[in-house]
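Colleague: Attaching a predicted model along with its sequence, questions to come.
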Amino acid sequence: MSSPSVNSGTARTTTASGRLPEARHLPYVGRFAPSPTGPLHLGSLTTAVASYLHARQAGGEWLVRIEDIDPLREPPDAATDILKTLDAYGLHWDRDLVYQSTRIAEYRTTAQALLQRGVAFRCSCSRKDVEESTNGTRRYPGTCRSRAAHAGPTSIRVLVEPGILRFRDGLQGPIEANLHDTEGDYVVYRRDDLPAYHLAVVVDDHWQGVDAIVRGTDLLTTTPVHIHLRGLLGMPEPRYFHLPILTDRRGVKLSKQTGAVPVGNEYSATTAVRVLELLGLAVPDDLRGAPGRELWGWAIRHWRIEELIGRQSIHMD
């Protein structure tokens with residue numbers, strides 16, 4: 001299966017109403033969901049390739065979703081840049097693209113429903129307020145749980161009660177989390193009237209029928225929040241596979257913030273081979289200059305995500 005080109009495959013909604021179609025019953029639905037804060041670098045391309053290979057090997061769909069709900073951090077052309085890079089590398093997606101900025105009404109409706117059910121509440125605390133009241137821990141102390149009146153703008157927080165949440169990650173094994181002690185009541189709608197990442201990702205993964213999530217270990221700590229929220233919303237839990245992140249010689253995650261170099265919008269066989277080798281695949285010599293379609297075809301047949309079990313990071317030379 002393949003997507004339309006970047007020019008013809010960037011529809012911002014999937015139906016006239018803005019709602020996504022009903023999830024189709026497929027053996028696997030995965031996704032790559034970048035935030036358009038800059039161009040793809042080697043770390044983000046590696047995550048895209050891993051999620052693509054895993055979906056294709058399973059005979060399922062691979063979706064691309066642009067998580068553009070933080071406009072102050074998003075350069076104007078970043079989303080287009082990301083899509084051009086995916087297209088240049090032959091990482092073609094299924095279905096139309098989804099831009100989260102077109103789905104704000106869905107997130108707002110879901111947040112309001114949580115309020116009406118009494119499992120969420122309005123909070124007028126700023127991030128600075130929380131940090132000052134908790135000596136910098138940023139664990140929300142429950143300040144507004146019983147506050148009825150607010151002088152300024154409010155966020156919406158979900159109530160988190162004491163208890164241990166457990167799940168098994170496909171690569172990192174059994175995970176336990178106590179959200180009450182580590183996170184506290186978390187935000188699903190922000191004071192600036194924008195959805196929080198937690199809410200948007202959970203709502204969209206469910207509506208798109210995503211049942212397997214391949215992403216970096218840097219997002220492993222957010223997964224208990226997503227599982228907790230999915231439980232409140234009556235959504236089934238997907239399979240999670242948290243990949244080792246790429247780190248530099250100092251052990252620092254490769255990212256835009258640490259100066260990671262963009263991979264560019266032209267296909268590079270050298271870069272593609274390097275990505276596959278970072279993911280544990282031994283690329284034969286006769287494929288080292290191959291076009292993306294040929295290289296990915298070989299990689300899909302030889303992909304073994306099990307080779308990454310237990311690894312939390314991959315150090316770059």
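Modeller: On my side now, so go ahead.
Colleague: use CA for all of it now, contacts and neighbours both
Modeller: Fine.
Colleague: Contact partners for the most centrally placed residue in the chain?
Modeller: The centroid of the chain falls nearest to A33 when counting by Cα atoms, centre = their mean (4.9 Å). Listed by Cα atoms under 8 Å, 6 or more residues apart in numbering, the contact set of A33 reads 64-67.
Colleague: 10 Å instead?
Modeller: By Cα atoms under 10 Å, 6 or more residues apart in numbering, the contact list for A33 reads 48, 63-68, 98-100, 201, 205, 213, 215.
Colleague: can you check L63 too?
Modeller: 3, 29-33, 51-52, 55, 92-98, 208, 210.
Colleague: so what pLDDT did the residue nearest to the centre of the chain get?
Modeller: We note a pLDDT of 98 for A33 in this prediction.
Colleague: Strands along this protein, start to end?
Modeller: Taking DSSP state E as the test, the strands found in the chain are 29-32, 61-66, 98-99, 120-123, 155-158, 165-169, 173-177, 186-189, 212-216, 239-243, 245-247, 313-315.
Colleague: from the middle of its chain, how far away would the third one be?
Modeller: Put plainly, it is strand 98-99. On the basis of Cα atoms, centre = their mean, to the nearest Å, strand 98-99 is displaced by 13 Å from the centre of the chain it belongs to.
Colleague: what's the average pLDDT for that strand?
Modeller: 98.
Colleague: that older thread, would you format the contacts of A33 as CSV with distance to K128 included?
Modeller: What follows is these, written out as CSV (distance: Cα to Cα, whole Å):
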residue, distance to K128
A48, 35
L63, 37
V64, 34
R65, 31
I66, 29
E67, 25
D68, 24
V98, 33
Y99, 30
Q100, 27
V201, 25
D205, 31
I213, 32
R215, 30
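Colleague: Among these, pick out the one closest to V225, please.
Modeller: V201 (11.1 Å; Cα to Cα).
Colleague: L115 versus Q57, what's the distance?
Modeller: Distance from Q57 to L115, counting by Cα to Cα, to the nearest Å: 41 Å.
Colleague: just G163 next, same as before
Modeller: Going from G163 to L115 by Cα to Cα gives 22 Å.
Colleague: Show me which of those two is the more surrounded one.
Modeller: More crowded of G163 and L115, by other Cα atoms under 10 Å: L115, with 16 against 11.
Colleague: In terms of pLDDT, where does that one sit?
Modeller: 97.
Colleague: same deal with L308?
Modeller: pLDDT at L308 comes out at 97.
Colleague: V214 is in contact with that one, correct?
Modeller: No: if you go by Cα atoms under 10 Å, L308 and V214 don't touch, sitting 12.0 Å apart.
Colleague: tell me, what's touching the two both at once?
Modeller: Counting by Cα under 10 Å, 6+ apart, the shared contacts of L308 and V214 are 170-171, 241-243.
Colleague: D68 reaches T80, doesn't it?
Modeller: No: using Cα under 10 Å, D68 makes no contact with T80, being 11.7 Å away.
Colleague: Common neighbours of these two, please.
Modeller: With Cα under 10 Å, 6+ apart as the test, D68 and T80 both reach P36.
Colleague: When the two are compared, which one has more neighbours?
Modeller: Legend: neighbour count by other Cα under 10 Å for D68 and T80, higher for D68 (22 against 15).
Colleague: how close does the more buried one sit to P262?
Modeller: Counting by Cα to Cα, the gap from D68 to P262 is 19 Å.
Colleague: Helices of the stretch 51-200 of the chain, start to end?
Modeller: 78-88, 104-116, 127-133, 179-182, 197-207 (DSSP state H, counting those that start in this stretch).
Colleague: quick one: the second one to helix 197-207, angle?
Modeller: Put plainly, it is helix 104-116. 110 degrees (axes from the mean of the first three to the mean of the last three Cα atoms, to 10 degrees).
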